[in-house]
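Colleague: need the 3D shape of this:
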Amino acid sequence: MADTYEGGISTMSIPQDAPTSKRCTRCGEEKPANNFTPYKRSSDGLQAWCRACNKAYHADPNVKTRENARVRERYK
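Modeller: Numbers count the residues shown, from 1 in each chain. Got it, this is the predicted structure:
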């Protein structure tokens, strides 16, 4: 696959058979496929959340606290 860039985002790892657009399950907006991160386990090869929603979620400082709490609970 060619190393191309669309809007500053590398598209080299987006699957060839991926849809041209997809609806984000978090914000509900229909967006082009290059706004989604590749994810091999998904049936369409793309993550369910768009890059903007994913970035906003992981920018929240409480996310790591919640994730660490889940791990602690699991191993009690």
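Colleague: longest helix in this protein, please.
Modeller: helix 62-74 (DSSP state H).
Colleague: where do the strands sit along the protein?
Modeller: 5-6, 9-10, 21-23, 30-32, 36-38, 46-50 (DSSP state E).
Colleague: just tell me which of those ends up closest to residue 67.
Modeller: Among these, the nearest to residue 67 by C-beta to C-beta is strand 46-50 (15.8 Å). Glycine gets a C-beta too; all of them are placed from N, C-alpha and C.
Colleague: where does the protein have low pLDDT?
Modeller: For the chain, the stretches with pLDDT under 70 are 1-16, 18, 76.
Colleague: and if we set it to 80?
Modeller: Low-confidence segments of the chain (pLDDT under 80): 1-19, 61-76.
Colleague: residue 22 and residue 59, how far apart?
Modeller: 22 Å (C-beta to C-beta, to the nearest Å).
Colleague: sorry, back to before: any chance of the strands of the chain in TSV with mean neighbour count and distance to residue 74 as columns?
Modeller: TSV is the format used below for these (neighbours: other C-beta atoms under 10 Å; distance: least, C-beta to C-beta, whole Å):
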stretch	mean neighbour count	distance to residue 74
strand 5-6	11	40
strand 9-10	13	35
strand 21-23	15	32
strand 30-32	14	34
strand 36-38	19	26
strand 46-50	19	23
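Colleague: can you put those strands in a markdown table and add distance to residue 66?
Modeller: Below are the strands of the chain laid out as a markdown table (distance: least, C-beta to C-beta, whole Å):
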| stretch | distance to residue 66 |
| --- | --- |
| strand 5-6 | 33 |
| strand 9-10 | 28 |
| strand 21-23 | 26 |
| strand 30-32 | 26 |
| strand 36-38 | 21 |
| strand 46-50 | 16 |
